[in-house]
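# Need a 3D model of the sequence below.
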Amino acid sequence: MVLIFFVAYASAQDPYVLDSLKEKIQQAPNDSLQCEARIDLALFLYAGDEAVQYARDALKIAKENRWQHLIGKSYYALAWCHPYEEMELKTRYLDSALYAFDAIHELDGLGLTSNTQAVMFMDYGIYDQAISSFQNAYNYYLESGDLDRQALILNNWGACLNEMQAPTQAIDKYLAALRYEESQHPVNQLKLGRIYHGLAESNRQMERFGESVKFDIQAHTVRKKSGNIAQAETLIHMANLISEVIQKGEDTAAIMPEFRQIGFTGVMDLLEKAESFPGIADRPDFQYIILDAKRYWYLVNDAYQDAYLMLDSLKRFDEKQKLNPSSLAALAGLQNKYEKEILNRRLLEAAFKNQKKANQVNLLLLFLSLIGALSIIGFLWYQNRMRRNSLLLAEAKQEQQIIAMRSLLEGQEQERSRIARDLHDGLGNLLSSIKANMSSLYIEFDDSGTRRVYDKASDMIDEACTEVRKMAHEMMPQALKKVGLTNALNDLVNRMNFSHPFHTEFNVYGKEQELGDQFNIMIYRIIQECYNNIVKYAQASEVLLQLTFSDEWLNVTIEDNGVGFDPKRIDANKGMGLKSIDFRAHFMGGDYEIDSRPGEGTMVTINVPIPINN
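Below is the predicted model of the structure:
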């Protein structure tokens, strides 16, 4: 049981520290310190609605002031404050933190976030992504030259490889970390103890029991100096090691003298020392593995009665943990749900009886209705024939309108593509050439006034290049063809979060389907237009974008918490964006609905059928 974090916050917070942090927020003289204080308080609280709110407040301040460093830290705090069960949300916040830190190439923030991401994946058992994130974190600290953090990443990486049953690779990571930690003055006993413990476990997995004992004893020695509860972890590991040697049929005489030299006579002595360690009473996880270690010892020594008693103790321990207040509340909830289910079943039985009676009445009414229906069939047949002729004419007109609409939309997209290429290849290349030519003149400026003018002009050209690229991307997003609709929208969401003072939560439900370029462009333009309206009018801080795929339909919902408006009072000159959304939705054979009231935000819903050929 190894805790792998750069910073660990106690779940039972010190009231003095909590009050001090809140007072720091009240006394902060500027927005920057206000933002930092809220991040610190969110990390200190660690979890819960209050912690999340402080992190969101910090993110809002950071976005309003465009402080990339604090935007990244705020997203990191939001990921930290959400519970273990919300993996998807934690992952999204960590991705946003990486995006913000990467924008300013802040290596420390990138390394910290990548390490936290790796530990999260490791806890969930997603080892391939954990290894990838550890590699990223190590590379960032390698680039920054932070040797201490490199060693910490290697230590965490080794623990992950041990969990993956890859001890040879784990040893390489641990030894690299060990070389650094042993060179420090003073030596960090906690970090050194973790490395020795990891090496003991790696050698145990390789059945190199003599080496494992050596590292266990070293771990015990340094952890004893620190007085940390991790010392109990080492004692349990040593006890299980002895049991495993016996189980493998090997002689314990080769290892027991080394344990006796440090004052331990055997397995039960080790476990009793671990059991009596200060703080164990508050750690059910340690209590459980101590009981399991005793059961293992009895089992390998053929003391089956004692092993059975230990197994029974483990079961009772599990039951005791299940009957804590939170578990009892969960059981009460299940009981309530069961009673509701019984009531629903009784209501359904009563409804079935009533329906049976109603069906008998309906049969009589149906017979009478058939008599009446036959008398008007002739009249309806004549009317239907006339209506069919009218429908054929209307369908022909509608087909002509669809062809005209398709030609118009295709022409618009072709024109957008042409303009985007002209901006990128023409004006973009021209600005780049101007920048290159100006750079060649830089060495000829020798007075400060001329240099300031040059620097100002150079910055303006850089801004122009950025704007041209942004305009070209918005005119024709290449991501649609390269990576598909969902990834292109994710890119759009990240750019919106980065550029504007609101945060978008983007969710996709159902299995994504291949929709075709024209369909993808239509959906992308609709969502792009919704974002334009949010930026211009909504004054929102939160946006929710959802795509729901079914076999036949795609539902798109985009909702914000902005100022809202009355759809009935839209100025004709200001409603072109909404008309564009309506036009595209109906062109795809779908429908479009907008729900908004002043002061209550806005929700736009689009339902379109998925093309049959897909």
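# hang on, Phe565 in a strand?
No: assessed with DSSP: H, G, I helix; E, B strand; the rest coil, Phe565 is coil; it does not lie in a strand.
# Ser596 is in contact with that one, correct?
Yes: with contacts counted by Cβ atoms under 8 Å, Phe565 reaches Ser596, the gap being 5.5 Å. Using the backbone N, CA and C atoms, a C-beta is placed for each residue, glycine as well.
# Overlap of the contact sets of those two?
Common contacts of Phe565 and Ser596 (Cβ atoms under 8 Å, 6 or more residues apart in numbering): Thr602.
# How far off centre is stretch 110-123?
11 Å (Cα atoms, centre = their mean, to the nearest Å).
# Now do it, average pLDDT.
Average pLDDT, stretch 110-123: 92.
# swap in stretch 165-177?
For stretch 165-177, the per-residue pLDDT averages 95.
# contacting residues around it?
Under the contact criterion Cβ under 8 Å, 6+ apart, stretch 165-177 has outside partners 151-152, 154-155, 157-159, 161-162, 191, 195, 198-199, 201-203, 205-206.
# Any regions of this structure where pLDDT drops low?
Applying pLDDT under 70 to the chain picks out residues 1-14, 321-350, 395-451, 453, 462-479, 481, 571-576, 613-614.
# care to break it down by domain?
Using automatic domain parsing, the domain parsing of the chain gives 186-322, 327-473, 478-609.
# what's the closest of these to Leu70?
With Cβ to Cβ as the measure, domain 478-609 is the member of the domains of the chain nearest Leu70 (13.1 Å).
# looking at the domains of the chain, which is closest to Gln117?
domain 478-609 (16.3 Å).
# What degree of burial does Gln518 show, as a neighbour count?
14 (other Cβ atoms under 10 Å).
# name the helices or strands packed onto the helix or strand harbouring Asp318?
Secondary-structure element containing Asp318, defined by DSSP states H and E: helix 304-322. Helix 304-322 sits against helix 284-300, with contacts defined as 3 or more Cβ pairs under 8 Å, 6 or more residues apart in numbering; DSSP states H and E.
# Grab the CA positions of the helix it packs on and hand them over as PDB.
This file holds the C-alpha atoms of helix 284-300, laid out as PDB (Å, rounded to 0.1, in the frame of the first residue of the first chain):
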ATOM      1  CA  PRO A 284      -8.900  -0.800   8.500                       C
ATOM      2  CA  ASP A 285      -6.800  -1.500   5.300                       C
ATOM      3  CA  PHE A 286      -3.700  -2.400   7.400                       C
ATOM      4  CA  GLN A 287      -5.900  -4.400   9.900                       C
ATOM      5  CA  TYR A 288      -7.300  -6.500   7.000                       C
ATOM      6  CA  ILE A 289      -3.900  -7.400   5.400                       C
ATOM      7  CA  ILE A 290      -2.500  -8.300   8.900                       C
ATOM      8  CA  LEU A 291      -5.400 -10.800   9.300                       C
ATOM      9  CA  ASP A 292      -4.800 -12.100   5.800                       C
ATOM     10  CA  ALA A 293      -1.000 -12.500   6.500                       C
ATOM     11  CA  LYS A 294      -1.900 -14.600   9.600                       C
ATOM     12  CA  ARG A 295      -4.200 -16.800   7.600                       C
ATOM     13  CA  TYR A 296      -1.400 -17.300   5.000                       C
ATOM     14  CA  TRP A 297       1.000 -18.300   7.700                       C
ATOM     15  CA  TYR A 298      -1.300 -20.900   9.200                       C
ATOM     16  CA  LEU A 299      -2.200 -22.300   5.700                       C
ATOM     17  CA  VAL A 300       1.400 -22.900   4.600                       C
END
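# Give me the buried stretch members for that helix, please.
Within helix 284-300, the residues that count as buried by 16 or more other Cβ atoms under 10 Å are 286-287, 289-300.
# Ok, which of the domains of the chain comes nearest Ala58?
Using Cβ to Cβ, these put domain 478-609 closest to Ala58, at 11.9 Å.
# In strands, which of the contacts of stretch 165-177 appear?
Counting by DSSP state E, no part of these is found in strands.
# Show the buried residues in those residues.
Buried by 16+ other Cβ under 10 Å: 151-152, 154-155, 157-159, 161-162, 191, 195, 198-199, 201-203, out of those.
# so who does Met310 touch?
By Cβ under 8 Å, 6+ apart, the contact list for Met310 reads 291-292, 294-295, 298.
# Oh, that last question was meant for Leu33, not what I typed.
Leu33 neighbours (Cβ under 8 Å, 6+ apart): Lys24.
# again, only this time at 10 Å
Applying Cβ atoms under 10 Å, 6 or more residues apart in numbering, we find Leu33 in contact with 24-25, 27.
# State the helix or strand in which it lies.
Element membership for Leu33, per DSSP H and E: helix 31-45.
# can you check Thr548 too?
Using DSSP H and E, the element containing Thr548 is strand 542-549.
# Asn555 too?
Short version, using DSSP H and E: Asn555 is in strand 553-560.
# Can you get me a residue count around the residue nearest to Ala219 when sequence neighbours are not counted?
In space, and not counting its chain neighbours, Ala219 is closest to Tyr196: 3.6 Å by Cβ to Cβ, 6 or more residues apart in numbering. Using other Cβ under 10 Å, Tyr196 is surrounded by 24 other residues.
# Tyr196 and Val119, how far apart?
20 Å (Cβ to Cβ, to the nearest Å).
# Could you check how far the residue of the chain most remote from its centre is from Ile195?
Centroid-distance maximum for the chain: Ser375 at 65.5 Å, with Cα atoms, centre = their mean. Distance, Ser375 to Ile195, by Cβ to Cβ: 94 Å.
# now do Tyr54
Applying Cβ to Cβ to Tyr54 and Ile195 gives a distance of 35 Å.
# Dump the domains of the chain into CSV; add distance to Ala79 as well.
What follows is the domains of the chain, written out as CSV (distance: least, Cβ to Cβ, whole Å):
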stretch, distance to Ala79
domain 186-322, 24
domain 327-473, 26
domain 478-609, 13
